[in-house]
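Visitor: Starting from these lines, generate the structure:
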Amino acid sequence: MRDDVIQVNYSSKKLVWVRELFLLTICYTCYSWVRNQFGSASVTSDTAYRNADYMIETERFLGFYFEPSLQSWFDGWVWFLRFWNIFYGTLHFVVTLGVLIFLFVRVPVEYTKWRTIGLLTTGLALVGFALFPLMPPRLLGNCREVGACVDSPFIDTMAEYGGLWSFDSGLMESLSNQYAAMPSLHFAWALWSWLAIRRHLESRTSRIAIASYPIWTLFAILVTANHYWIDAVGGAAVLGVAYCLGVKLNSWVSKTISQENTKVSNL
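Guide: Sure thing, here's the model as predicted:
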């Protein structure tokens, strides 16, 4: 009897794993497809540049346009900037997926809520990409089709110093929406990762590491000229809205399931 129960539990968990993997794969595929229908695939560089100019003027108005100075400070630090190129290109996938797996295995009661919040954050970001195609700083001086080809203090660190890949490659240029800058999903996912597991880590080192992750991500997106700091504010705002919606949705689903179970038990 005990072996039968163990077998049922194992099969049930395996089915949940398969279901969640399928759901996340479908959602990310849809996200990638929708994201790449807008921005650099359908919008002229003039539109994206005008929006970039508006962002820069907004930061200047706020008295906090520091990105050129930040990047110029580290210009020429080849291995340093190459490290941040790799950080930018990989960790937002690795850490986000790692947090999801951690929650699923260690804190399943929290998994559904944070998975939903993450998906809502990504969905809301798509709206921003579609409504406000934004040329990132690295493309302002770029004279290719996606660039503005203007005198710019920014450099494209991936093109200049290398990483695991480059937006200048024909494949990446055709597949990616290079104007998907507002809001910054890199920063939103980093903040999401910290919020999702900060209360569930035991060691002080791991808590410090996850708490500093959004800070390092912010540094990475700025020093590589992939974002303006105001994009990170947009990412935090999108996450905030998604959190409110996700908590309410999760509460409604839990309440509905509880009511249905009560009805079944009363039959």
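Visitor: pLDDT below threshold where in the stretch 1-150 of the chain?
Guide: 1-15, 17, 31-32, 34-42 (pLDDT under 70).
Visitor: and Cys149, helix, strand or coil?
Guide: coil (DSSP: H, G, I helix; E, B strand; the rest coil).
Visitor: Give the closest residue to it in space, chain neighbours not counted.
Guide: Cys143 (3.9 Å; C-beta to C-beta, 6 or more residues apart in numbering). For the C-beta atoms, the positions are set from N, CA and C on the backbone; glycine is no exception.
Visitor: Over to that neighbour. Which of the three states is it?
Guide: Cys143 ends up coil, using three-state DSSP.
Visitor: Now name the helix or strand holding Tyr179.
Guide: Counting by DSSP states H and E, there is no helix or strand that carries Tyr179.
Visitor: any idea how far it is from Ala52?
Guide: Separation of Tyr179 from Ala52 (C-beta to C-beta, to the nearest Å) stands at 9 Å.
Visitor: any common contacting residues for the two?
Guide: Leu134, Met135, Pro136 (C-beta atoms under 8 Å, 6 or more residues apart in numbering).
Visitor: The closest residue to Trp84 other than its chain neighbours: what's it in contact with?
Guide: Nearest residue to Trp84, sequence neighbours excluded (C-beta to C-beta, 6+ apart): Ala220, at 4.9 Å. By C-beta under 8 Å, 6+ apart, the contact set of Ala220 is Trp84, Phe87, Tyr88, His186.
Visitor: picking that back up, confirm for me that the residue nearest to Cys149 is in contact with Asp151.
Guide: No. Counting by C-beta atoms under 8 Å, Cys143 stays clear of Asp151, with 11.3 Å between them.
Visitor: Who has more neighbours out of the two?
Guide: Comparing Cys143 with Asp151 by neighbour count (other C-beta atoms under 10 Å), the higher total belongs to Cys143, at 10 against 7.
Visitor: So what does that one look like in phi/psi?
Guide: With angles defined as degrees, to the nearest 10, Cys143 sits at phi -100, psi 10.
Visitor: can you tell me how far it sits from Val95?
Guide: Shown here: Cys143 relative to Val95, a distance of 34 Å by C-beta to C-beta.
Visitor: And for Phe22?
Guide: 22 Å.
Visitor: neighbour count winner among the two?
Guide: Val95 (19 against 10).
Visitor: mean confidence score for the helix or strand containing the residue nearest to Trp84?
Guide: Per DSSP H and E: Ala220 is located in helix 204-223. Averaging pLDDT along helix 204-223 gives 97.
Visitor: in that helix, what's buried?
Guide: Arg207, Ile210, Tyr213, Pro214, Thr217, Leu218, Ala220, Ile221, Leu222, Val223 (16 or more other C-beta atoms under 10 Å).
Visitor: Which residue, other than its chain neighbours, is closest to the first one?
Guide: The shortest distance from Arg207 to any non-neighbouring residue, by C-beta to C-beta, 6+ apart, is to Leu201 (4.9 Å).
Visitor: Same check on the fifth one?
Guide: Once flanking residues are discounted, Thr217 sits nearest to Ala190: 3.8 Å by C-beta to C-beta, 6+ apart.
Visitor: give me the number of residues near the one you found?
Guide: 29.
Visitor: got the phi/psi numbers for it?
Guide: Per degrees, to the nearest 10, the backbone of Ala190 is at phi -70, psi -40.
Visitor: and the gap between it and Tyr49?
Guide: To Tyr49, Ala190 is 27 Å away according to C-beta to C-beta.
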